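Colleague: Dropping a prediction and its sequence here:
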Amino acid sequence: MNKTIVVIEDNEVILEFIQLLLQQNDFIVIAVNNGRDGLAMVRQHRPDLIMSDLHMAGGDGLYVLRAVRADPGTTDIPFVLVTADLDPAARQHCYALGATRVFLKPFDPDVLVDTIGKLLVGTQHAAGGTQRARISGAGMRNASGK
């Protein structure tokens, strides 16, 4: 069964990179460029995982995280935040609000995919790396279904 990920990122280059990376690893991607649209896609599609930039216009990642965690229908969806914010207190705040993982930009693509795979199959994260989880099936679409 395909796993669906909503990706919310306002930088089009990074958004396209993440889409292609996840597509190459057999995930279905619903991509949007702001938090309000991202939250709408989460509510509409009930994805298996949400990945969001932290700082964006049009509803930042914390706006989406708070709304997702407050909704009983989405509260258990793994939520990965991606940020260029180097402040450790800011990252700790993300975890306090319910982020599952926080990645610093630039991130290692293999580590990101490995972490997502582990979150989706419910395995524990182990030091020293593990085999990358791969989900069969494939596809990539943006919010308009293309």
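Modeller: Perfect, thanks for sending it. Numbering: from 1, shown residues only.
Colleague: From now on I want contacts and neighbour counts done on CA atoms only, so please keep to that.
Modeller: Noted.
Colleague: which residue is nearest the centroid of the protein?
Modeller: When CA atoms, centre = their mean is applied to the chain, the residue found nearest the centroid is M51 (1.3 Å).
Colleague: Do a quick rundown of the helices in this structure.
Modeller: With helices called from DSSP state H, the chain shows them at 12-24, 35-45, 61-70, 88-96, 109-121.
Colleague: Pipe those into JSON lines and attach mean neighbour count per row.
Modeller: Formatted as JSON lines, the helices of the chain follow (neighbours: other CA atoms under 10 Å):
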{"stretch": "helix 12-24", "mean neighbour count": "16"}
{"stretch": "helix 35-45", "mean neighbour count": "18"}
{"stretch": "helix 61-70", "mean neighbour count": "20"}
{"stretch": "helix 88-96", "mean neighbour count": "14"}
{"stretch": "helix 109-121", "mean neighbour count": "18"}
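Colleague: can I get the ones you listed in JSON lines with mean pLDDT?
Modeller: As requested, these are exported to JSON lines (pLDDT from 0 to 100):
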{"stretch": "helix 12-24", "mean pLDDT": "96"}
{"stretch": "helix 35-45", "mean pLDDT": "96"}
{"stretch": "helix 61-70", "mean pLDDT": "97"}
{"stretch": "helix 88-96", "mean pLDDT": "94"}
{"stretch": "helix 109-121", "mean pLDDT": "94"}
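Colleague: if we can go back for a sec, would you mind measuring from the residue nearest to the centre of the chain to P109?
Modeller: 14 Å (CA to CA, to the nearest Å).
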